[in-house]
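[1] Model the structure of this input:
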Amino acid sequence: MARKSKTQSDRPTLVDVAREAGVSAITVSRTIRSPEIVSERARRKVEEAVRKLGYTPDPAASALASRSTSTIGLLVPSLTNNVFADVLRGVYEGVEGTRFFVQIGNYRYSALSEEGLIRNFLSQRPAGLIVSSMDQTPAGRKLLEEAPCPVVQIMETSADAVDMSVGFDQLEAVRAAARHVAECGYRRPGFLSARMDPRAQRRLAAFREVASAHDMLDEARIITTPQPSSVGMGRHLLEQLLARAPETDAVICNNDDLAVGALMEAIRRNIAVPDQLGICSYNDIEMARHMVPALSAVATPRREIGQRAIAMLLAEIEAPGAVRERHIDLGYELVVRESTAPR
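    Numbers count the residues shown, from 1 in each chain. You can find the predicted model right below:
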């Protein structure tokens, strides 16, 4: 009997090797192309899987995969949020004058929509992807892990990122705001948050942690809503907070829109800020700095995040393995202004 020839579909793929080795497809690709940039442990696992499965790179498939476009995909949860407007500014500044252009996808804080956009973008063979979260669905994360292009996840930094990340420690930023309120002498702080996406939930958890440590946690002073953030929502949430817990003497807001709204509601009620009510904001967009009184805030490096993300991506596109520092923490700054003061 003639020996049956091995068909293309019978050959182990790069994804098969990744599954066998328990690593991402990106790690397998790097081990084959640039083994010096892969950890020894990961390299050994990949090499063992390659031997076990008899994997050999397919030159035709590699050539096809290399035919990426000049498109860089940028996935953000909002096009109206000023935070991401600053990120976009940084990205566009970094891509200006290059051969690449940016295509934006807005997933509107929906992990399922994000998954669909990732799938759609990858079908267009982008040169690279910038993704604004670490909170993909399992299927979305798998798509990123197996992406044939560099991926940068932004706004947070984590060794658990699928490829590269640039951002700051979101939890420590909230902890700093909560500690500042406690150090000022406020003893009955509240927390206002909207949307309640996974990142907002982590910030709330950080507030609870510090408030509990300072013996000033009261769940009645935590007011959240799944609705989008806005200045009007900030006014409404402070109204709810004061109705439920009128003894509240400070409030930390999950973003600047809510903080501005809270300040406006306090002014409407003739509540003296910061003497009767301290207010601390998060992100520090321009509007927060020019309120009267000016809002204390955790200032986050949105524009620089965009600049560094695109720089990392372009370097990796031009020379795979060129980016040595793959997880960059840009930090944050607690800016103390008029809306909080020692009591």
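
[2] So Ser281 versus Ala176, what's the distance?
    13 Å (CB to CB, to the nearest Å). From N, CA and C alone the C-beta is placed, and that goes for glycine too.

[3] what touches both of these two?
    Shared contacts of Ser281 and Ala176 (CB atoms under 8 Å, 6 or more residues apart in numbering): Val298.

[4] quick one, which of those two is more surrounded?
    Ser281 (34 against 18; other CB atoms under 10 Å).

[5] ok now do the more buried one, which residues does it touch?
    Cys253, Asn255, Asp256, Leu258, Ala259, Val260, Ala288, Leu295, Ser296, Ala297, Val298, Ser339.

[6] next one: Ile26
    Going by CB under 8 Å, 6+ apart, the list of residues near Ile26 reads Glu145, Glu146, Ala147, Val151, Val162, Asp163.

[7] now Val174
    Arg203, Ala206, Phe207, Val210, Ile252, Tyr282, Val298.

[8] Not counting its neighbours along the chain, what's nearest it?
    Ala206 (3.9 Å; CB to CB, 6 or more residues apart in numbering).

[9] Based on its surroundings, how many neighbours for that neighbour?
    Neighbours around Ala206, by other CB under 10 Å: 22.

[10] what does Glu115 give?
    Glu115 has 20 nearby residues by other CB under 10 Å.

[11] any idea how far it is from Leu144?
    10 Å.

[12] ditto for Arg125
    Using CB to CB, Arg125 is found at 15 Å from Leu144.

[13] Who has more neighbours out of those two?
    Leu144 (22 against 15).

[14] now the strands for this structure?
    Secondary structure of the chain (DSSP state E): strands at 71-76, 101-106, 128-131, 151-156, 164-168, 189-193, 222-224, 250-253, 278-283, 296-299, 327-329, 333-335.

[15] could those strands be laid out in TSV, adding distance to Arg19?
    Below are the strands of the chain laid out as TSV (distance: least, CB to CB, whole Å):
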stretch	distance to Arg19
strand 71-76	25
strand 101-106	28
strand 128-131	22
strand 151-156	19
strand 164-168	22
strand 189-193	39
strand 222-224	39
strand 250-253	44
strand 278-283	40
strand 296-299	41
strand 327-329	24
strand 333-335	43
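
[16] hang on, Glu338 packs against Arg289?
    No: counting by CB atoms under 8 Å, Glu338 stays clear of Arg289, with 10.5 Å between them.

[17] Overlap in contacts, the two.
    Leu295.

[18] for this structure, where's the lowest mean pLDDT among helices and strands?
    helix 59-65 (a mean of 50; mean pLDDT, DSSP states H and E).

[19] Run the chain-centre distance for stretch 29-46.
    Averaged C-alpha coordinates place stretch 29-46 at 27 Å from its chain's average position (CA atoms, centre = their mean, to the nearest Å).

[20] hey, C-alpha coordinates of it in PDB?
    Taking Å, rounded to 0.1, in the frame of the first residue of the first chain, the C-alpha atoms of stretch 29-46 are listed here in PDB:
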ATOM      1  CA  SER A  29       6.900  33.200  16.800                       C
ATOM      2  CA  ARG A  30       9.600  35.100  18.700                       C
ATOM      3  CA  THR A  31      11.300  31.900  19.800                       C
ATOM      4  CA  ILE A  32      11.700  30.900  16.100                       C
ATOM      5  CA  ARG A  33      12.600  34.400  14.800                       C
ATOM      6  CA  SER A  34      14.500  35.900  17.800                       C
ATOM      7  CA  PRO A  35      15.200  33.300  20.500                       C
ATOM      8  CA  GLU A  36      17.500  35.700  22.400                       C
ATOM      9  CA  ILE A  37      14.600  37.900  23.500                       C
ATOM     10  CA  VAL A  38      12.600  35.000  25.000                       C
ATOM     11  CA  SER A  39      13.100  33.700  28.500                       C
ATOM     12  CA  GLU A  40      15.100  30.400  28.800                       C
ATOM     13  CA  ARG A  41      12.100  28.700  30.400                       C
ATOM     14  CA  ALA A  42       9.700  29.700  27.600                       C
ATOM     15  CA  ARG A  43      12.300  28.900  24.900                       C
ATOM     16  CA  ARG A  44      12.800  25.400  26.300                       C
ATOM     17  CA  LYS A  45       9.000  24.700  26.400                       C
ATOM     18  CA  VAL A  46       8.600  25.900  22.800                       C
END
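
[21] What are the buried residues along that stretch?
    Neighbour-count burial for stretch 29-46 flags Ser29, Arg30, Thr31, Ile32, Val38, Ala42, Arg43, Lys45, Val46 (criterion: 16 or more other CB atoms under 10 Å).

[22] which residues touch Ala161?
    Contacts of Ala161 (CB under 8 Å, 6+ apart): Met134, Gln153, Arg326, His327.

[23] What's the separation between it and Leu144?
    Taken as CB to CB, the span from Ala161 to Leu144 is 9 Å.
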